[in-house]
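Pasting the sequence and the predicted model now:
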Amino acid sequence: MKDLPKTRNIGISAHIDSGKTTLTERILFYCDKIHKIEDVRGGGDGATMDHMELEKEKGITITSAATTVHWRGIGNEGIEYAEGAGKGKDIKVNIIDTPGHVDFTVEVERSLRVLDGAILVLCSVAGVQSQSITVDRQMKRYNVPRLAFLNKMDRMGANAFNGSKALREKLNHNAVLMQLPIGAEDEFKGVVDLITLKAYYFDGDNGENVRIEECPADLLDQATELREQMLDAVSEFDDQMMEDILEGKEITEETIHNAVRQGVQSLKLTPVYMGSAFKNKGVQPLLDAVSRYLPSPLTCAKPQAINDENDERVTLEPDFSKPLVAMAFKITDEQFGQLTYTRIYQGELKKGDFVWNTRTKKKVRVGRIVRMNSNDRDNIDSAGAGDIIALVGVDCASGDTFVGNDDLLHISCEGMHVPIPVIELSIKAKDKDNQIKMSKGLSRFMKEDPTFHVFTDEESGETRIAGMGELHLEIYVERLQREYKAAVEVGAPQVNYRETIRTEANFDYTHKKQTGGSGQFGQVVGSIRPLTEEEKDREDQNFKFHNQIKGGSIPTEFIGACEKGFEDVMDKGPLAAFPLINVEVFLKDGKSHDVDSSDMAFRIASRQAMRQAINAASPVLLEPFMKVEVETPDEYQGFVIGDLSSRRGIIQGSETNDNNDTIINALVPLSEMFGYSTDLRSGTAGKAGYTMEFAEYKECPNNIQSDVIKARQEKLASDD
């Protein structure tokens with residue numbers, strides 16, 4: 001317990017290429033975890049946290065990486081931390097560096113699920129970008145307090161005030177500048193702390209020496225004005241501070257820190273810091289802010305588990321003396337067995353302990369516990385509540401809950417939101433030996449990544465893989481070839497269409513079969529309807545079942561079979577055998593027979609009733625639409641808009657950034673986006689770039705629906 005006030009579990013998240021991994025590399029250096037800074041791109045061994053060869057080659061983060069550092073404050077002089085941790089004491093910071101590319105969004109999702117705080121990194125030139133919005137939505141989903149860091153202040157067009165404004169206008173944050181930049185672009189020299197009005201400069205080859213001086217005279221008036229604005233905003237979280245400001249009293253630094261901490265941890269305040277991680281400026285004050293304002297496991301919102309017996313929530317206490325409760329949030333298979341990244345919420349875990357997996361109900365022994373530093377690890381003997389560690393050789397699935405005794409087998413930690421895959425392609429091995437290698441690799445990838453799906457097409461018998469985007473699947477195919485030496489061939493990417501219904505419809509179906517001896521009998525009566533927009537938005541809710549049986553017309557023991565029967569039909573819609581989504585079923589009445597009714601009879605009756613109702617409910621084909629953001633020089637704006645429109649894109653708006661580049665936002669069907677990067681490069685002389693992520697499923701136009709259904713029927717016929 002003594003270390004809990006001095007522990008911070010944080011994630012670093014942002015839009016792709018905003019400098020997350022570069023920032024993490026500087027944090028490792030300033031905390032003496034590494035002794036040489038490596039950059040994400042170009043030369044050297046690559047950044048510490050990007051340990052995969054593919055990450056080093058492509059200069060992007062593909063998989064989240066964890067590490068632990070200790071921070072003593074600027075200049076190792078100590079800092080007044082919250083919760084009585086004392087001045088000059090190390091703060092232990094468990095950090096997870098997450099990918100920025102939307103295809104690997106599940107890495108962000110599962111990291112934020114187990115973290116207590118986060119740093120939202122923004123490019124000070126581009127401001128809030130498309131993936132910034134996605135990451136922010138994920139942070140809000142898990143109620144993660146955050147600080148904002150405006151990176152790349154040394155770049156042409158950098159503007160801290162625009163970045164702060166974008167946080168307020170685009171993300172609805174109560175964003176408050178805590179610093180004033182000293183210069184900008186190639187003149188960026190340091191920052192003025194608005195609490196102390198001191199100037200911070202970063203000297204030495206790697207910015208390791210923080211020099212603190214008085215605020216430059218030419219910035220004093222502006223800094224004083226911004227300080228007053230900051231104090232006004234922060235005083236919202238401290239009534240006494242607000243009174244003191246109104247009465248003109250001097251406000252102490254400690255009072256300001258306490259108010260900021262209250263605002264951050266209530267999720268109602270986002271302090272904004274700035275710097276250039278690449279130029280080694282501004283990172284140490286950010287670390288001080290992490291220590292001061294982000295919560296420890298003691299002060300963060302108490303995590304909750306679910307009691308599987310009654311669906312009630314169970315609050316977990318960050319207490320070493322209570323029975324162990326931990327969650328496996330990420331797994332990777334390695335040479336010496338499975339590595340399971342685990343967050344301990346309650347109790348203590350020691351090497352050699354036996355723990356129970358609440359999903360499998362099996363007892364397993366914990367042979368090794370390690371603390372991760374990217375791909376390196378240090379063996380440790382024990383870990384306790386609030387810690388993030390990894391277990392070696394424990395077989396489990398991502399999202400499993402471990403408990404310290406079998407009295408807790410009925411509880412499980414809440415799972416994470418897993419997006420549905422939108423793109424798939426066929427894959428086959430060149431011969432039998434390669435088939436074995438391919439199968440082994442695909443099994444591992446599917447176990448590690450909940451958004452990566454592998455299945456066999458029933459009609460054609462071919463193996464298909466599905467994921468979040470072209471890059472997502474491309475990376476896994478490349479990993480098969482590199483890590484498993486599997487020679488494989490892949491087919492063209494295909495869109496994952498869906499089907500749904502547009503209207504309500506009733507059903508009344510009786511299944512009756514007599515073949516000598518006991519027969520089969522079951523009748524189900526009810527209705528189906530499409531889910532409302534509000535219900536669709538809630539965590540990809542695709543199927544809802546309501547038992548409205550009264551008077552026992554269908555005995556309770558058969559209700560579960562009815563639900564399974566209705567859900568069975570969701571796998572294949574009536575139009576083109578694509579999965580059905582967003583359907584709500586109401587079971588209202590029925591009949592049973594004392595002898596002939598059974599689970600199977602009611603399951604068959606429900607299946608047939610569901611098919612009957614769906615055909616009567618105006619089924620329609622849906623296609624995935626992507627949120628596309630294109631950044632282009634103004635002279636190519638007309639080409640980009642015209643090209644997106646020709647792809648059936650819906651232009652949602654455009655804006656101009658400080659570099660006079662135009663940012664165009666659009667919703668475009670995924671089926672029209674294959675090969676877009678090549679067309680965009682050739683149409684803009686290579687000067688435009690874009691990002692794309694799944695937005696929603698929308699109804700197909702009639703002509704597109706007809707084409708898709710026809711192509712699907714031809715495919716099914718040829719497979720036969």
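Received, thanks. Residues are numbered from 1 along each chain as shown.

measure the residue lying closest to Asp406 once chain neighbours are set aside to Val403 for me?
Leaving aside its chain neighbours, Asp406 sits nearest to Trp356 (5.5 Å; criterion: CB to CB, 6 or more residues apart in numbering). Yep, even glycine has a C-beta here, placed from its N, CA and C like the rest. Separation of Trp356 from Val403 (CB to CB, to the nearest Å) stands at 5 Å.

Give the residues shared as contacts by these two.
Common contact partners of Trp356 and Val403 (CB atoms under 8 Å, 6 or more residues apart in numbering): Leu409.

What about Lys350, how many residues nearby?
When neighbours are counted by other CB atoms under 10 Å, Lys350 registers 13.

Look up which helix or strand the spatially most central residue of the chain falls in, please.
Among the residues of the chain, Glu109 comes closest to the average C-alpha position under CA atoms, centre = their mean, at 2.2 Å. Take DSSP states H and E as the rule and Glu109 turns out to sit in helix 105-114.

Need the CA coordinates for that helix. CSV is fine.
Only the C-alpha atoms of helix 105-114 are listed here, as CSV (Å, rounded to 0.1, in the frame of the first residue of the first chain):
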residue,chain,number,x,y,z
THR,A,105,-7.2,0.8,-32.6
VAL,A,106,-7.8,-2.2,-30.4
GLU,A,107,-4.3,-1.7,-28.9
VAL,A,108,-5.5,1.7,-27.7
GLU,A,109,-8.8,0.3,-26.5
ARG,A,110,-7.4,-2.4,-24.3
SER,A,111,-4.7,-0.2,-22.9
LEU,A,112,-7.1,2.6,-21.9
ARG,A,113,-9.3,-0.1,-20.3
VAL,A,114,-6.7,-0.7,-17.6
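
Show the low-confidence segments of the stretch 601-720 of the chain, by residue range.
In the prediction, the stretch 601-720 of the chain carries residues with pLDDT under 70 at positions 658-659, 716-720.

Helices of that one, start to end?
637-646, 676-683, 702-719 (DSSP state H, counting those that start in this stretch).

Contacts for the last one next, please.
Just to be clear, that refers to helix 702-719. 457, 459-461, 497, 575-578, 620-621, 623, 671, 700.

OK, contacts around Val668?
Neighbours of Val668 in contact, by CB under 8 Å, 6+ apart: 625-626, 628, 644, 647-650, 692.

bridging residues for it?
Beta-bridge pairing for Val668 (DSSP bridges): Met626.

do you know how far it is from Ser321?
55 Å.

on that earlier part again, got a pLDDT number for the residue nearest to Asp406?
Looking at Trp356, its pLDDT stands at 92.

For the residue nearest to the centre of the chain, which non-adjacent residue is closest in space?
Met416 (5.3 Å).

ok but the one you found is inside a helix, no?
No. Using DSSP: H, G, I helix; E, B strand; the rest coil, the assignment for Met416 is coil, not a helix.

wait, it sits on Arg110?
Yes. Here Met416 reaches Arg110: they are 5.2 Å apart, a contact under CB atoms under 8 Å.

what's the overlap in contacts for those two?
Common neighbours of Met416 and Arg110 (CB under 8 Å, 6+ apart) are 329, 450.

higher neighbour count, these two?
Arg110 (26 against 20).

Between Trp356 and Val403, which is the more surrounded one?
Taking other CB under 10 Å, Trp356 and Val403 do not tie; Val403 has more neighbours (23 against 20).

where does Lys447 fall, helix, sheet strand or coil?
Note that with three-state DSSP, the state of Lys447 is helix.

how many neighbours does it have?
Neighbours of Lys447 (other CB under 10 Å): 17.

Need the pLDDT of it.
For Lys447, the pLDDT comes out at 83.

so where do the strands sit in the stretch 51-200 of the chain?
65-71, 91-97, 117-123, 146-151, 175-177, 179-182, 190-193, 198-203 (DSSP state E, counting those that start in this stretch).

Among these, which comes closest to His257?
strand 190-193 (11.7 Å; CB to CB).

same for the closest one, what does it pack against?
When contacts are defined as 3 or more CB pairs under 8 Å, 6 or more residues apart in numbering; DSSP states H and E, strand 190-193 packs onto strand 179-182, strand 198-203.

distance between it and the chain's centre?
32 Å (CA atoms, centre = their mean, to the nearest Å).

Stretch 275-283 now?
The answer for stretch 275-283 is 26 Å, by CA atoms, centre = their mean.

the bottom helix or strand of this protein by mean pLDDT?
Across the helices and strands of the chain, mean pLDDT, DSSP states H and E gives its lowest value to helix 53-58, namely a mean of 59.

and Asp193, how far is that from Gly263?
Taking CB to CB, one finds Asp193 at 17 Å from Gly263.

One more: Ser527?
48 Å.

Of the two, which one has the most company?
Between Ser527 and Gly263, Gly263 has the larger neighbour count (other CB under 10 Å), namely 23 against 18.

Look up phi and psi at the nearest residue to the more buried one once chain neighbours are set aside.
Nearest residue to Gly263 in three dimensions, chain neighbours excluded: Leu269, at 2.9 Å (CB to CB, 6+ apart). Dihedral angles of Leu269 (phi, psi; degrees, to the nearest 10) stand at phi -140, psi 140.
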